[in-house]
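J.: predicted model and sequence follow; I will ask about them next.
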Amino acid sequence: MPTFNLKINKKSYSVEADMDTPLLWVLRDHVNLVGTKYGCGIGQCGACTIHVDGNAMRSCMLQVSQAQGMEITTIEGLSEDGDHPVQKAWLEHDVPQCGYCQAGQIMNAASLLKNNPNPSDDDIEAAMNGNICRCGTYVRIKQAIKTAAK
Ligand code: FES
């Protein structure tokens, strides 16, 4: 089995895996970063969203062999102490209900604000549209993103 050298949350990891193993499973099963969640495995729900070279990506759709040499950030590495503006706004607005999708929501929101620090309602809806929440926390997600943007 090949070995892959990955940079995740500013640390280096060597992992043995099949070439086509989704990065999601490497994160969860090989390096025990289980904040990134499995929802659908086919790029449809957003639960597995991480940052790759600073942009939101779905880790279920990225093979481990494609991730070498890239800066990978998971929810565990988004901030030192959970104090990223998006994380603070999430707490302020009590966004999560069951919580399962929320790491992906936060990672996508953080990427949105990095690229567009003052998004309109339409911008937020367009950017967050593909992150599904079965509890329906969408209103609070939008409020929290607006608070984080201030
Ligand atoms: Fe990756 Fe649903 S688990 S998009």
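T.: Everything's here; your move.
J.: what sits up against the helix or strand containing Tyr13?
T.: Here Tyr13, judged by DSSP states H and E, is contained in strand 11-16. If you take CB atoms under 8 Å, 6 or more residues apart in numbering as the criterion, strand 11-16 is touched by Met1, Pro2, Thr3, Phe4, Asn5, Leu6, Lys7, Val26, His30, Val31, Val64. In short, each C-beta sits where N, CA and C put it, glycine included.
J.: that one pairs with which strands?
T.: Applying DSSP bridges, strand 11-16 is found paired with strand 3-8 (antiparallel).
J.: ok, now which ones touch the closest residue to Ile132 other than its chain neighbours?
T.: Leaving aside its sequence neighbours, Ile132 sits nearest to Cys45 (CB to CB, 6 or more residues apart in numbering; 4.6 Å). By CB under 8 Å, 6+ apart, Cys45 lies in contact with Gly39, Cys101, Gly104, Gly130, Asn131, Ile132.
J.: Arg28 reaches Gly41, doesn't it?
T.: No: with contacts counted by CB atoms under 8 Å, Arg28 stays clear of Gly41, the gap being 11.9 Å.
J.: pick out whichever of those two has more residues nearby.
T.: Remark: of Arg28 and Gly41, Arg28 carries more neighbours, 19 against 15, as counted by other CB atoms under 10 Å.
J.: who's in contact with that one?
T.: So Arg28 contacts Val34, Thr36, Tyr38 (CB under 8 Å, 6+ apart).
J.: wait, is Met57 part of a helix?
T.: No: counting by DSSP: H, G, I helix; E, B strand; the rest coil, one finds Met57 to be strand, located in no helix.
J.: follow-up on the earlier one: so how far is Val64 from the residue nearest to Ile132?
T.: 20 Å (CB to CB, to the nearest Å).
J.: now a ChimeraX select for only the buried ones of the contacts of strand 11-16.
T.: Buried residues within those, by 16 or more other CB atoms under 10 Å, are selected in ChimeraX with:
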select :4,6,26,30,31,64
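J.: can you put the contacts of strand 11-16 in JSON lines and add pLDDT?
T.: Shown next, in JSON lines, are these (pLDDT from 0 to 100):
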{"residue": "Met1", "pLDDT": "90"}
{"residue": "Pro2", "pLDDT": "96"}
{"residue": "Thr3", "pLDDT": "98"}
{"residue": "Phe4", "pLDDT": "98"}
{"residue": "Asn5", "pLDDT": "97"}
{"residue": "Leu6", "pLDDT": "98"}
{"residue": "Lys7", "pLDDT": "98"}
{"residue": "Val26", "pLDDT": "98"}
{"residue": "His30", "pLDDT": "97"}
{"residue": "Val31", "pLDDT": "98"}
{"residue": "Val64", "pLDDT": "98"}
